[in-house]
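S.K.: Attaching a predicted model along with its sequence, questions to come.
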Amino acid sequence: MRAFLLLLLIFPVLELFVFVRVSSAIGFFPALLLIIAGSALGVLVMRVAGFATALRARESLQRGELPAEEMFQGLMLAVGGGLLLIPGFISDVLGLLCLLPFTRKLVANRLRRRAEEQAMRQRAFQDDPFQAQPRDSGQRPNVIEGEYERRDK
């Protein structure tokens, strides 16, 4: 929590420092135009990415698959667009990194590996790991479907 608070306090100062350095190198108005162009690109990415993610998710649902990968790609695009919306050069660079396909795949693989490790650790601390075995015998559970009505006297 302290690291997040420290980052929250330092990030605007770093953005301002980088803006002053860039504006002293290329001029104030070109630097300001770059910031505005980055925000406009962020708005465009947010609009297009949301629509494209919804279409890809719908296609994978029609194929009978879970759209986990498509949703993650859409999340990364939304984060990238959001970072582009924030005025500043550091956030723009981070947003552009989120938009690149190979960085999205790299982050997806890292998160998948981390989730698998987490699942393995949780399985290691189960009471009886052999208790929940899948049913291969083809037996159906005893389920009686119906409706009921409660009548109190």
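M.R.: Perfect, I can see it now.
S.K.: Does anything pack onto the helix or strand harbouring residue 13? Which helices or strands?
M.R.: According to DSSP states H and E, residue 13 maps onto helix 2-26. Packing partners of helix 2-26 (3 or more C-beta pairs under 8 Å, 6 or more residues apart in numbering; DSSP states H and E): helix 28-62, helix 89-99. Backbone N, C-alpha and C define where each C-beta goes, glycine included.
S.K.: Out of these, which is the most enclosed?
M.R.: helix 89-99 (a mean of 18; mean count of other C-beta atoms under 10 Å).
S.K.: From the chain's centroid, how far away is that one?
M.R.: Offset of helix 89-99 from its chain centre (C-alpha atoms, centre = their mean, to the nearest Å): 15 Å.
S.K.: My guess is residue 38 contacts residue 92. True?
M.R.: Yes. Here residue 38 lies in contact with residue 92, judged by C-beta atoms under 8 Å, at a distance of 4.3 Å.
S.K.: what sits in contact with each of these two?
M.R.: Both residue 38 and residue 92 are in contact with residue 84, where contact means C-beta atoms under 8 Å, 6 or more residues apart in numbering.
S.K.: secondary structure element for the most centrally placed residue in the chain?
M.R.: Centroid-nearest residue in the chain, with C-alpha atoms, centre = their mean: residue 75, separated by 3.5 Å. In this structure, residue 75 sits in helix 68-85 according to DSSP H and E.
S.K.: Show me the contact partners of that helix.
M.R.: 38-39, 41-46, 49-50, 52-54, 56-57, 60, 91-92, 94-99, 104, 107-108, 111.
S.K.: next one: stretch 34-53
M.R.: With C-beta under 8 Å, 6+ apart, stretch 34-53 has contacts from 19, 22, 70-71, 73-74, 77-78, 80-89, 92, 95, 99.
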